[in-house]
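Visitor: Next come a sequence and a model predicted from it.
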Amino acid sequence: MFNFLNAESPSPSPQKIASSLRWLGWAGFWLQALLGFIPILVVVANVLFNPGSQQSGGFSFGLWLAIICLLILLFSIFWCFRYTQLATKLETPDRRPPKSQVVRDLKLGLVANLGIMASAVLIALTRVGELTYKMLVLPQGATLITPNQVGTTVAPGALVTPSNMIAIQAMVNAIAAGLIGTIVALILLFQLGIARPTNGSLPGDG
């Protein structure tokens, strides 16, 4: 459907653009929803069942950043669904939106997904940095053990727990979800950009 290497490829019709919006929108919607399941679960669990935040009377900066990242991810999932609604409008001449509105919606989706990746990378750098520091401060030759073992001493808080790994997996999933949304928006913007009618608007616009 896309020919990125042929500069002389014909401009796509509104029907082809609508088809791209529909299948890429659904692909982005389901992929982001699947990848976003673990980040959503982790953030909700931290908000509802994190005793540390309840005892301190508030959330840490990292948790607030994770909540913001989650909200943007939820918005991006909804925005991929909106692409499918735009496809329906493009297929109907009486409801067809102007090209400027479609471009604006795609750019908003692009910015949202860049925000997901930026915030998730920032969280990952902070979290992984903390875990790396805890590993480096262990005595040389120390062995990591489970907290229930006896007879061996280990520095408090220096263990890499299953919750740490789940949190890292959640951050990787969030970055992947943002990357998928970015790719979808860029492909659609590219295809819309090569739609060059003589009047400078989307072909078929009134």
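Guide: Thanks, I have it. From a predicted model like this one, the values you see are computed outputs, not experimental measurements.
Visitor: Quick check: the gap between the closest residue to Asn113 other than its chain neighbours and Gly129.
Guide: Spatially, and ignoring its direct neighbours in sequence, Asn113 is nearest to Gly181 (3.4 Å; CB to CB, 6 or more residues apart in numbering). Bear in mind the C-beta positions are built from the backbone N, C-alpha and C, glycine included. Separation of Gly181 from Gly129 (CB to CB, to the nearest Å) stands at 26 Å.
Visitor: Looking at these two, which one has more neighbours?
Guide: Legend: neighbour count by other CB atoms under 10 Å for Gly181 and Gly129, higher for Gly181 (28 against 10).
Visitor: Let me see the contact set for that one.
Guide: Gly181 makes contacts with 28, 32, 76, 79-80, 109-110, 112-113, 116, as judged by CB atoms under 8 Å, 6 or more residues apart in numbering.
Visitor: check which helix or strand covers it.
Guide: Element membership for Gly181 (DSSP states H and E) is helix 162-193.
Visitor: Just the mean pLDDT for that helix, thanks.
Guide: Summarised as a single mean, pLDDT over helix 162-193 is 90.
Visitor: Run a quick neighbour tally on the residue lying closest to Asn164 once chain neighbours are set aside.
Guide: Once flanking residues are discounted, Asn164 sits nearest to Leu131: 6.1 Å by CB to CB, 6+ apart. Counted with other CB under 10 Å, the neighbours of Leu131 add up to 18.
Visitor: what do you get for Pro93?
Guide: For Pro93, using other CB under 10 Å, the count is 11.
Visitor: oh, and call the first residue 251 from now on, that's how I've got it
Guide: Sounds good: first residue 251 from here, last item Pro343.
Visitor: Buried residues in the one helix or strand Ala374 maps to, which are they?
Guide: Using DSSP H and E, the element containing Ala374 is helix 349-386. Across helix 349-386, burial judged by 16 or more other CB atoms under 10 Å covers 349, 352, 355-356, 359-360, 362-367, 369-370, 373-374, 377, 381, 384.
Visitor: now do stretch 413-430
Guide: For stretch 413-430, burial by neighbour count (16+ other CB under 10 Å) applies to 417-418, 420-421, 423-430.
Visitor: Quick one: distance of it to the chain centre.
Guide: Computed by CA atoms, centre = their mean, to the nearest Å, the chain-centroid distance of stretch 413-430 equals 9 Å.
Visitor: Residue nearest the middle of this protein, spatially speaking?
Guide: Gly428 (2.6 Å; CA atoms, centre = their mean).
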